[in-house]
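A.B. asks: kindly generate the corresponding structure for this input.
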Amino acid sequence: MRSTFLALLLLVGVAADRASMPVQAQTPALQGRVAEGKTAWALPLRCANCHGAQGEGGYGPDLAGRGLSFESFRRAVRQPWGIMPAYSEGQLSDQTLADMYAFLASLPPTSNVGTKEYTAPPGAPIAQVYMIESYGCASCHGPEILFPRQVLGGADGADLDFEHFEKLVYEHTSLYPQGRMGNYSRHRLPEPILREMFRSIKDDLGLLVPMTAVMSQGVSNGANTTYTLTIRNTGTKGRGLTAEEITVAVMLPPNAKLVEATGPGYQGLQSNARGDHDSVGPAAVWKVERLAAGDELRLQVTLAGPPANAADLFKESIVQWMKPVMRPGARALVLRDYRNTRDDAYRPVTFQQGRGGGGAAAAAQP
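C.D. replies: Got it, this is the predicted structure:
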């Protein structure tokens, strides 16, 4: 009897010791690093877009200070229970997951749950409701899915079919093993809904031409300085969309003296060349019939005087084209992508880094 009593005491003691020990599932086997986790949370996969910069939530749930086990956190990323796409080891290593877990665990529970950036307006097309409210596409791509429309317009143009689009959504990591987006579940995002989203992106919003326009820093001959604007259609040659009816407006400061402007289609100096109420010119203007995928156009502006910062001289310059028309079948959408302010397609001119002397630094791409 006494031995039985001692055995029971021993079992109770072991149980108490185990209760006081950290449960293995509560902590990752890898040591999480808070600083690295904070960086990873924001980039490269942009978890913060849905869950908030401090884990306060937004389109997705708040995660700061939740006390989730690491295994639950890891499972939610690798094999999500809900509509979140699944992220592979190649995109997001277990070490990075441990770092993000440590970052979220270091935060206090949020007192004010975050709100999502976009909400579909009353009467919005059903595909836009899906992309904003139901599946969170807008959290990364904006309410009008701008960047994917550029990528698809440059890679596939008018030949884009649903089968390729379907693979981009359901099997994204097979095409882009280290891409930013995970794989959506066919069960959570059924094919009929995806087909309506595809139809809307292609027919209502329209695919876009991926254009870049970069102004170099000036090269001086002593008395004058020449600046070169390089415009590229970065789509795949023979496959991507062609930009047509192109207008280039290089805005000049009022006191600038234009010595020469060269390149095909030069129209001279014009006022209000952008066609809006915010600019009155003067501007050097070119009109070009078309720029096919893979092609580039070089235009030059020569001003009197020494080199100056191109970003100051030519700010608000744009390249604009009329075909293919943006939003051809959905002109009345209430929400607009914050990166676009016009109905027709355009790109603001960007500038190489540096000041004068033909700086060689790479230009930032839009």
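A.B. asks: can you pull out the helices in the stretch 51-200 of the chain?
C.D. replies: Assigned by DSSP state H, counting those that start in this stretch, the stretch 51-200 of the chain shows helices spanning 70-78, 94-105, 126-129, 137-141, 146-155, 162-170, 172-175, 191-199.
A.B. asks: please identify which of the ones you listed is closest to T230.
C.D. replies: helix 146-155 (17.0 Å; CB to CB). All C-beta spots, glycine's among them, are computed from the backbone N, C-alpha and C.
A.B. asks: how far does that closest one sit from the chain's center?
C.D. replies: Going by CA atoms, centre = their mean, to the nearest Å, the spacing between the C-alpha centre of helix 146-155 and its chain's C-alpha centre is 11 Å.
A.B. asks: just the buried residues of that helix, please?
C.D. replies: For helix 146-155, a neighbour-count test (16 or more other CB atoms under 10 Å) marks L146, P148, R149, Q150, V151, L152, G153, G154, A155 as buried.
A.B. asks: one step back: relative to T236, which of the helices of the stretch 51-200 of the chain is closest?
C.D. replies: helix 146-155 (5.4 Å).
A.B. asks: where in the stretch 151-300 of the chain is pLDDT low?
C.D. replies: Along the stretch 151-300 of the chain, segments meeting pLDDT under 70 span 272-281.
A.B. asks: do you have the strands of it handy? List them.
C.D. replies: With DSSP state E, counting those that start in this stretch as the definition, the stretch 151-300 of the chain shows strands at residue ranges 211-215, 219-220, 224-233, 243-251, 258-262, 266-270, 283-291, 296-304.
A.B. asks: what pairs with the second one, parallel or antiparallel?
C.D. replies: In other words, strand 219-220. Using DSSP bridges, the strands paired with strand 219-220 are strand 224-233 (antiparallel).
A.B. asks: need the CA coordinates for the strand it pairs with. CSV is fine.
C.D. replies: The C-alpha coordinates for strand 224-233 follow below in CSV (Å, rounded to 0.1, in the frame of the first residue of the first chain):
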residue,chain,number,x,y,z
ASN,A,224,24.6,73.2,-73.5
THR,A,225,23.4,70.0,-71.8
THR,A,226,21.6,67.1,-73.5
TYR,A,227,19.3,64.8,-71.7
THR,A,228,18.1,61.4,-73.1
LEU,A,229,14.7,59.9,-72.5
THR,A,230,14.6,56.1,-73.1
ILE,A,231,11.1,54.6,-73.5
ARG,A,232,10.8,50.8,-73.5
ASN,A,233,8.0,48.4,-74.0
